[in-house]
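[1] just coords:
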Ligand SMILES: Cc1cc2nc3c(=O)[nH]c(=O)nc-3n(C[C@H](O)[C@H](O)[C@H](O)COP(=O)(O)OP(=O)(O)OC[C@H]3O[C@@H](n4cnc5c(N)ncnc54)[C@H](O)[C@@H]3O)c2cc1C
């Protein structure tokens, strides 16, 4: 794990892979415990060296048993284990996917953590503002971000019926920036004067960046991605989910492909 591997998210956040365990292959091995067999291999079935046909493999791991008509004990390769992986995925035979997982470190605004931590099947360890001052880093969205919020959701002010324009978006962001400065002043003054850290943090808003580690097995990461990659998800939360999805795709490419296919259906 290196600082250089931090994946930037938003204006000051990041994602960092701390640890990965298991692999696409491990999912197959875990599933095959039920028949006391292991991983047979990826790729297409190879031809039988004796009869030249692909025969049909009995799912018993015996790679020398070609049962094609007229062929006894030829040598045949296995059918690719991607078939079993697909079967497990589509039939929701989920437990083998729990034998793999990821631990990641995340720096994100507290408002993102509020949503993220609703996922109870992940384990969390967050820096504690009771013991250590929070970094003076706050999320400042761009004008474009304010302007791309779906009109149906919030750009139409409920009280006045007015629609947000670029000038007001900029003005509002400037006010937010000043508010963050003021928050930091109150927070730091409290710390300097001996206000307990656990109370000084009252000055900090949900735009403040915090840091945590989140750990889950692969099944639950897919549960997280299913919910948090949706287009109705808040853009900031989704930005992190997109980066998580890239990590999962890199570490578990075959399983991720099944997830992707399913979402596109
Ligand atoms: C677009 C979007 C909008 C949302 N809006 C709101 C909102 O306005 N207000 C709000 O409060 N939340 C909101 N949420 C959070 C949402 O209600 C879920 O709490 C969150 O997405 C976690 O989902 P989960 O329970 O499936 O995940 P996890 O907690 O990781 O649980 C995974 C699965 O484990 C099982 N499970 C876990 N705990 C229990 C349990 N106690 N009982 C039974 N089964 C359990 C369930 O099968 C669950 O699907 C929103 C989420 C999304 C994606």
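    Cool, the structure landed. Since the structure is predicted, the reported quantities are computational estimates derived from the model, not experimental observations. Residues are numbered from 1 along each chain as shown.
[2] Up against the ligand, what does the stretch 101-250 of the chain have?
    Taking CB under 6 Å from any ligand atom as the measure of proximity, the stretch 101-250 of the chain contacts the ligand at 118-121, 220, 223, 227-228, 230, 232-233. (C-beta placed from N, C-alpha, C; glycine too.)
[3] 5 Å - rerun?
    118-121, 223, 227, 232-233 (CB under 5 Å from any ligand atom).
[4] show me what contacts residue 178?
    With contacts taken as CB atoms under 8 Å, 6 or more residues apart in numbering, residue 178 has no neighbouring residues.
[5] re earlier: of the residues of the stretch 101-250 of the chain next to the ligand, which count as buried by neighbour count?
    Neighbour-count burial (16 or more other CB atoms under 10 Å) applied to those gives 119, 223.
[6] Mind picking the lowest-pLDDT entry from the residues of the stretch 101-250 of the chain next to the ligand?
    Across those, no position has a lower pLDDT than residue 232, which has 91.
[7] Over to that one. Which of the three states is it?
    Here residue 232 is recorded as coil under DSSP: H, G, I helix; E, B strand; the rest coil.
[8] for the stretch 1-150 of the chain, what spans make up the strands?
    7-9, 13-21, 101-109, 123-126 (DSSP state E, counting those that start in this stretch).
[9] Present these as a markdown table; the columns should include mean neighbour count.
    Formatted as a markdown table, the strands of the stretch 1-150 of the chain follow (neighbours: other CB atoms under 10 Å):
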| stretch | mean neighbour count |
| --- | --- |
| strand 7-9 | 16 |
| strand 13-21 | 17 |
| strand 101-109 | 22 |
| strand 123-126 | 14 |
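[10] Switch those over to CSV; also include mean pLDDT.
    Output for the strands of the stretch 1-150 of the chain, formatted as CSV (pLDDT from 0 to 100):
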stretch, mean pLDDT
strand 7-9, 97
strand 13-21, 98
strand 101-109, 98
strand 123-126, 98
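[11] Quick check: the closest residue to the ligand within the stretch 151-265 of the chain vs residue 216, distance?
    Nearest residue of the stretch 151-265 of the chain to the ligand (CB to the nearest ligand atom) works out as residue 227 at 3.9 Å. Shown here: residue 227 relative to residue 216, a distance of 13 Å by CB to CB, to the nearest Å.
[12] intersection of neighbour lists for these two?
    Common neighbours of residue 227 and residue 216, using CB under 8 Å, 6+ apart, are residue 119.
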